[in-house]
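Novice: Quick one: sequence and predicted model below, then my questions.
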Amino acid sequence: QKEVEQDPGPLSVPEGAIVSLNCTYSNSAFQYFMWYRQYSRKGPELLMYTYSSGNKEDGRFTAQVDKSSKYISLFIRDSQPSDSATYLCAMKTRNTGFQKLVFGTGTRLLVSP
Amino acid sequence: SAVISQKPSRDICQRGTSLTIQCQVDSQVTMMFWYRQQPGQSLTLIATANQGSEATYESGFVIDKFPISRPNLTFSTLTVSNMSPEDSSIYLCSVDSPGTIQETQYFGPGTRLLVL
């Protein structure tokens, strides 16, 4: 079993839809949770970062963490064609010393006009 | 956040040759990381580079194939040696977020490598 599971998609939605992207994880020591957006042929761009259970909102994006269920989500409201990209979840522990960032496989999102 | 640049942005190379990729950060950082992203795949960590010490390689990656330099706190290089078509990939440089608690990482734009 992978430490982080993410549906690869593709997920196709019409413009204006609410998008839900999800990851599950098995390591309860993970404390920091990130969502990266990666456009084709570009490096990953940090979109959202959180370390506590609950919701964190930034514009049209909401990151949700449920540590009891080991489940994180990214919601995109009023999705736009420019949101079409691959979304990667990532997480790491808070242990001392170097802790590797563990990535999901990424979900490809397609928003059609 | 840190601003990271990489050179070259892309290259096409012949089998058996080597390519050195440069990574420059606009601020001093403790740790720099090199990742590989093969087509349609997620990111795989190659090695971690601290200034003044040898790089630490992940399982499946060796120094002879991927030598790394870290001469100062803002710069690192990754060399892909004796390339084969299987090395065709995107190579990404990454740094920890600033501060004493490195809670997240930032990525450069990547170097797209095609080996013929």
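Specialist: Received the coordinates, thanks.
Novice: residues from chain A in reach of chain B?
Specialist: Residues of chain A found near chain B (CB under 8 Å from any CB of the partner chain) are A:32, A:34, A:36, A:41-46, A:49, A:51, A:88, A:90, A:92, A:94, A:98, A:100-101, A:103-106. From N, CA and C alone the C-beta is placed, and that goes for glycine too.
Novice: rerun at 7 Å
Specialist: Counting by CB under 7 Å from any CB of the partner chain, chain A comes close to chain B at A:32, A:34, A:41-44, A:46, A:49, A:51, A:88, A:98, A:100-101, A:103-106.
Novice: Can you tell me which helices and strands the lowest-mean-pLDDT helix or strand in chain B packs against?
Specialist: Between all helices and strands in chain B, the lowest mean by mean pLDDT, DSSP states H and E belongs to strand B:105-107, at a mean of 90. Counting contacts by 3 or more CB pairs under 7 Å, 6 or more residues apart in numbering or on different chains; DSSP states H and E, strand B:105-107 packs against strand B:89-96.
Novice: Just confirm yes or no for the strand it packs on near chain A.
Specialist: Yes. Legend: contact between strand B:89-96 and chain A by CB under 7 Å from any CB is shown at B:Leu92.
Novice: Relative to that strand, what are the paired strands and their orientations?
Specialist: Neighbouring strands of strand B:89-96 in its sheet, by DSSP bridges, are strand B:31-37 (antiparallel), strand B:105-107 (antiparallel), strand B:111-115 (antiparallel).
Novice: who wins for proximity to B:Ile12 among the ones you listed?
Specialist: Closest of these to B:Ile12 is strand B:111-115, at 4.8 Å (criterion: CB to CB).
Novice: what residues does that closest one touch?
Specialist: Strand B:111-115 is contacted from outside by A:41, B:6, B:8-13, B:15, B:19, B:21, B:80, B:83-85, B:87-91, using CB atoms under 7 Å, 6 or more residues apart in numbering or on different chains.
Novice: Isn't B:Gly110 up against B:Gln6?
Specialist: Yes. Here B:Gly110 reaches B:Gln6: they are 6.4 Å apart, a contact under CB atoms under 7 Å.
Novice: Those two: which has the busier surroundings?
Specialist: Set B:Gly110 next to B:Gln6 and count neighbours by other CB atoms under 10 Å in any protein chain shown: B:Gly110 wins out with 23 against 20.
Novice: got a list of what the more buried one touches?
Specialist: A:42-43, B:6, B:90-92.
Novice: Now flag whichever of those is closest to B:Glu54.
Specialist: Taking CB to CB as the measure, B:Glu54 lies nearest B:Tyr91 of the contacts of B:Gly110, at 19.4 Å.
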